[in-house]
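Trainee: Based on what follows, work out the 3D shape:
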Amino acid sequence: MAGVPDEAGYRERDQRGDADAAFELGNLHARRGELEDAEAAYGRADERGHPTAAANLGLLLEHRGEPEGAEEAYRRADERGDALGALRLGLLVGNRGDWDQAQAAFARAQERGNAGDGEFDLAPVLGRPETPGQRHAQRPAFANPVLIGAVTLLVVLVAVFLAFVANRGLPFVPTRELNVDIANGSNLVPGNDVLEGGHRVGLVYSMKPARLQNGTLGARLTLKLSRSQGNVPVDSQLSVRLRTVLGQKYVNLIKGSSSHDIPDGGTLPLSQTHVPVQLDEVFNMFNPPTRQAVAQNLQGFGDAFTARGNDLNLTIQSLPSLLGHLRPVAAYLSAPSTELTRFFDSLDAFTGALAPVSTQTANLFRDAATTFQAITSDPNTYEQTIAESPATLSVSTDSLKSQQPLYTDFATFGRYFSPGTASLKAALPSLNPALEAGATTLKQAPTLNAGLQKVMSSLKSLAQDPMTNVALNGLSATVGTLNPMLRYLGPYQTVCDNFTYFFSYLQDNVSSPSSFGTGQRILVKAGNPLQPNNEGSAGANVPVNGGGSDSPLTGGNETYHQQNYGAAIDNHGNADCETGQRGYPLRLNQFDPQHRNFAIDQHTPGDQGPTFAGRPHVPAGETFSRNPTTGPQTPYNPSNP
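Mentor: Below is the predicted model of the structure:
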């Protein structure tokens, strides 16, 4: 049929290497919206030297967001004498501010005639219907040094704010609170991480002493958890773990499987928390006396083997005979009926209980030997001692009753220590290198302690300085002032986006061209000369309230409109973005006894809803107030609070 492109013919010619056929085939695909096939056909035509095909290929690449590839394609089309390629090259380099190169490209396009005459126009297919006469390069918005300075200052302020609140979590991240009752704080500090499966889900916000449900005094942690990590089931578990050998801790949260969740601000009970014996507490047993005793033991072992070489040789010579006799003894001892394991367990428990009082026990035996020697030297005294033994045993019984709480606490400590010792065995391969590194670190501890002493002295001086209290009181007053201000001003940004709109239109406000660059756009408005008390008249003593000529030649009647403290939300947190959202009512003047056509009430009745990019409600977790809670107040209007 006439007017129908011969697609089969184009394909056959394209396969034979015809550049025009590949170009026409690309136009067919572009008309049908088959942009990938069109790009492939234009690419083949471009490789064969077709100038307009290179320009169309550049349009497709620019549409796909590849300006570098598009520029190369436009340059190939320009070099081949194509007007469209020269025009698109000028537009592309002009948009990035290269005006000299753009002007030269536009000149070449003008010399070659109208770009695209008689050819298929690809731009409307890509959603770019503008004609070459309508296209123009705009000066980049950030070429203005004043705007760059304002943006830089804003970025610095935001960075300072983020640094200030970094220890209490990132701002603008929705969080929930979880209170935790725990046996002891275990040296936790605000800012420690809360991990779940090794992933950071929150931080320790605060810690304070609290009376627990079992009557003991413990700690209550307040955790800030990210809402994006989901809720916390009521059967969840929590423990305090050591993060580094230097004593830094973290809170390990193990979520349960219950279908019921702990509400925001709820409490995880003491029964579901666990504080195992920490590694820093284990290290505390290596106090100076213990370290000195270990050194003495090593020295004693060394002295025991000194000059004992011949004896060791004789011992090794006698070992085969000894081991031959030892085999039946070992078989008897290894039999289950012997219960040797139970014996060693009991012996371990006995020596473990005796170890803390070993010095006192040795002194007891020494003194007992002296005492019995003295007793045996006088039989009468020995008889008197036996007679006094029952009374002595009675006193000992009473003493054991007093010692019972100590033994109870000691048994509790042993139960708490058991999980730590079990975990310590598996952790030793990782801890041993840390201990070796710690030995080197401990050598530097005196220098660190000396510097720390200076820091503590400085902190003490700061705490004793009378001006510190003044500064803290000033900071408290500042926070007390900012809190109600942020409650009132917050919804203007989080709901109505007013501050963003202000900075968005600021560049347009100062964009009027002048001989010095740009200036502020100002339109001077004159009042209605036939209306008394108009905005342009001198000596006005009442607000303007109509009464003049309503002719368009005089500007029409004027009516006073000034609604201070226009709302961002209603009392329930719903969007009520009044500023810039509506026209002005003719009369909104509740307290005017003359009922003149003023609009000066604080709020317009009803909710005005959100702005174009605003939210329908205050974000969850944000506190708010519809009206200012401090400073001068407008009269209360009960009909429209």
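Trainee: Below-threshold pLDDT in the stretch 251-400 of the chain: ranges please.
Mentor: Applying pLDDT under 70 to the stretch 251-400 of the chain flags the ranges 279-280, 375.
Trainee: Please disregard the earlier target; I meant the chain.
Mentor: Along the chain, segments meeting pLDDT under 70 span 1-5, 114-121, 123-147, 161-172, 245, 279-280, 375, 524-527, 548-555, 580-582.
Trainee: how about the longest strand anywhere in it: buried residues?
Mentor: The longest strand of the chain (DSSP state E) is strand 199-211. Neighbour-count burial for strand 199-211, counted by 16 or more other Cβ atoms under 10 Å, picks out 201-205, 207, 210. C-beta here means a position set from N, CA and C on the backbone, and glycine is covered the same way.
Trainee: Please render those residues as CSV that adds distance to Thr222 to the earlier fields.
Mentor: What follows is these, written out as CSV (distance: Cβ to Cβ, whole Å):
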residue, distance to Thr222
Val201, 15
Gly202, 10
Leu203, 10
Val204, 8
Tyr205, 5
Met207, 7
Ala210, 11
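Trainee: Where do the strands of the stretch 451-600 of the chain begin and end?
Mentor: With DSSP state E, counting those that start in this stretch as the criterion, the stretch 451-600 of the chain has strands at 512-514, 517-519.
Trainee: Including distance to Pro429, could these go into JSON lines?
Mentor: Below are these laid out as JSON lines (distance: least, Cβ to Cβ, whole Å):
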{"stretch": "strand 512-514", "distance to Pro429": "73"}
{"stretch": "strand 517-519", "distance to Pro429": "69"}
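Trainee: So which of the buried residues of strand 199-211 is the closest to Ile316?
Mentor: Val204 (60.1 Å; Cβ to Cβ).
Trainee: quick one: the closest one and Gly621, what's the gap?
Mentor: Applying Cβ to Cβ, to the nearest Å, the value for Val204 to Gly621 is 19 Å.
Trainee: if we can go back for a sec, mean neighbour count and distance to Ala104 added to the strands of the stretch 451-600 of the chain, as a markdown table?
Mentor: Output for the strands of the stretch 451-600 of the chain, formatted as a markdown table (neighbours: other Cβ atoms under 10 Å; distance: least, Cβ to Cβ, whole Å):
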| stretch | mean neighbour count | distance to Ala104 |
| --- | --- | --- |
| strand 512-514 | 9 | 25 |
| strand 517-519 | 14 | 26 |
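Trainee: Secondary structure element holding Thr611?
Mentor: In this assignment (DSSP states H and E), Thr611 forms part of neither any helix nor any strand.
Trainee: just checking, it touches Cys577?
Mentor: Yes - applying Cβ atoms under 8 Å, one finds Thr611 in contact with Cys577, separated by 4.9 Å.
Trainee: The two: which has the busier surroundings?
Mentor: Cys577 (25 against 19; other Cβ atoms under 10 Å).
Trainee: That one: what's its closest spatial neighbour, skipping adjacent residues?
Mentor: Closest residue to Cys577 apart from its sequence neighbours, by Cβ to Cβ, 6 or more residues apart in numbering: Cys496 at 3.9 Å.
Trainee: for the one you found, what are its contacts?
Mentor: 568, 575, 577, 579, 610-611, 614 (Cβ atoms under 8 Å, 6 or more residues apart in numbering).
Trainee: which stretch among the strands of the stretch 451-600 of the chain comes nearest Ala330?
Mentor: For Ala330, the closest of those is strand 517-519, at 99.7 Å, according to Cβ to Cβ.
Trainee: ok, for Leu92, nearest residue in space, not its chain neighbours?
Mentor: Glu71 (5.6 Å).
Trainee: returning to what we had before: direction included, what does the longest strand of the chain pair against?
Mentor: Next to strand 199-211 in the sheet, as set by DSSP bridges, lie strand 193-196 (antiparallel), strand 217-226 (antiparallel).
Trainee: what comes into contact with that strand?
Mentor: Residues from elsewhere that reach strand 199-211, judged by Cβ under 8 Å, 6+ apart: 168-169, 175, 177-178, 181, 185, 188-195, 217-226, 229, 251, 253.
Trainee: filter those residues to the buried ones?
Mentor: Applying 16+ other Cβ under 10 Å to these flags 169, 175, 177-178, 181, 185, 188, 192-195, 218-226, 229, 251, 253 as buried.
Trainee: what about stretch 260-275, start to end distance?
Mentor: One end of stretch 260-275 sits 25 Å from the other (Cα to Cα, to the nearest Å).
Trainee: if we look at that stretch, which residues are touching it?
Mentor: 176-184, 186, 212-214, 218, 220, 231-240, 416, 419.
Trainee: coming back round to it: quick one: the residue nearest to Cys577 from Val173, how far?
Mentor: To Val173, Cys496 is 21 Å away according to Cβ to Cβ.
Trainee: got it, and Phe516?
Mentor: Separation of Phe516 from Val173 (Cβ to Cβ) stands at 44 Å.
Trainee: Looking at those two, which has the bigger crowd around it?
Mentor: For Phe516 and Val173, the more surrounded residue by other Cβ under 10 Å is Val173, and the numbers stand at 11 against 6.
Trainee: Excluding sequence neighbours, find me the nearest residue to the more buried one.
Mentor: Closest to Val173 by Cβ to Cβ, 6+ apart is Ser226, at 6.3 Å.
Trainee: doesn't Glu177 make contact with that neighbour?
Mentor: No - applying Cβ under 8 Å as the test, Ser226 and Glu177 come out as separate, 11.8 Å apart.
Trainee: hang on, the earlier thing: overlap of the contact sets of Thr611 and Cys577?
Mentor: With contacts defined as Cβ under 8 Å, 6+ apart, the residues adjacent to both Thr611 and Cys577 are 496, 498.
Trainee: domain ranges for the chain?
Mentor: 7-138, 173-283 (automatic domain parsing).
Trainee: Adding distance to Glu436 as columns, could you present these in CSV?
Mentor: Below are these laid out as CSV (distance: least, Cβ to Cβ, whole Å):
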stretch, distance to Glu436
domain 7-138, 54
domain 173-283, 11
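Trainee: if you compare these, which one is most tucked away?
Mentor: Counting by mean count of other Cβ atoms under 10 Å, domain 7-138 has the highest mean neighbour count of the domains of the chain, with a mean of 18.
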